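>>> Fold the following.
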Amino acid sequence: MDNITLAVVIPAHNEALTISDCLTSVQLAIKQLPAIITAYPLVVLDSCTDNTEVLVKAAGVEYLSCNYRCVGRVRDLGIRHAIAKGATWLACTDADSVVSSEWLVEQIKHITDQPTAMICGVVSVDNWAHLTLQTKEAYLEHYQDKMGHRHIHGANLSFSANAYLAVGGFDPLPCHEDVSLVKKFEAQNYDIVWSNRVRVTTSSRLDARANEGFAAFLATLERNHLE
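So this is what the prediction gives:
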């Protein structure tokens, strides 16, 4: 665990309803780490017109501002900023998500037990109450919550700084930037751990920030079961 500096990069576009819970969970996860590890959150505010910035400031969290409306560019901006400051391991989550208290501890265990360039974690849905039972069943039937899964979530993706720079980073895509990055790591034969020990709970909202993101996926499932 020597010389690990860890940054948690969180893109945010009008996330006033969820950003405080997200940051509280990240700060708690950081507190679980050994003192030898330096870790901090970094929010990248993208075209925010609500009071997300006010809440980030109130949490005492570092932030950047941009007007990209493109999650790939936003993640890349934050990650390259963190790397320039000395981050050696980058963890990504989303502003509408809550990480488990052991989220970072489990990442450190993975990279110390079996050195790896990337970890793809799993997500749980926070609330099914506003969705049909059929949507919930279809999602759970599809989802593999186990070690060795093959799910990719920008809300639960982490990697080494060196490998990130070597593959060229996130592409400037409005969605599926996470899938594109994983494919780059695979193409260059970097080791990837597909872990269900690294866990995040994400929003089941249907008002998507990205046209083909997780909310859009749930909305499509729901629409198919209502038609």
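>>> buried stuff in the longest strand belonging to the chain?
Among the segments of the chain that qualify as a strand by DSSP state E, the longest is strand 192-202. The neighbour-count check on strand 192-202 (16 or more other C-beta atoms under 10 Å) flags 192-202 as buried. Where C-beta positions appear, they are placed from N, C-alpha and C, glycine not excepted.
>>> Kindly report the same for stretch 81-97.
81-83, 87-97.
>>> try stretch 95-111
Neighbour count says stretch 95-111 has 95-100, 102-108, 110-111 buried, by 16+ other C-beta under 10 Å.
>>> Also stretch 128-138?
Applying 16+ other C-beta under 10 Å to stretch 128-138 flags 131, 135-136 as buried.
>>> now for the buried residues of stretch 81-97, which pair is the farthest apart?
Greatest spacing in the buried residues of stretch 81-97, by C-beta to C-beta: T88 and D96 (27.1 Å).
>>> So for the longest strand of the chain, mean pLDDT?
Throughout strand 192-202, pLDDT has a mean value of 97.
>>> could you dump the buried residues of strand 192-202 to CSV with distance to L17?
Listed next are the buried residues of strand 192-202 as CSV, based on distance: C-beta to C-beta, whole Å:
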residue, distance to L17
I192, 33
V193, 32
W194, 31
S195, 29
N196, 28
R197, 29
V198, 25
R199, 22
V200, 17
T201, 15
T202, 14
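>>> Specify which member of those residues is nearest to T24.
For the buried residues of strand 192-202, the nearest to T24 is T201 (12.8 Å; C-beta to C-beta).
>>> So the closest one is in contact with G121, correct?
No: using C-beta atoms under 8 Å, T201 is not in contact with G121, being 11.2 Å away.
>>> What are the contacting residues of the host helix or strand of I79?
According to DSSP states H and E, I79 maps onto helix 71-84. Contact with helix 71-84 is made by 7, 9-11, 42-44, 46, 64, 66, 68, 87, 90, 92, 154, 161, 164-165, 169-175, 177, 180, 209-210, 213, as judged by C-beta atoms under 8 Å, 6 or more residues apart in numbering.
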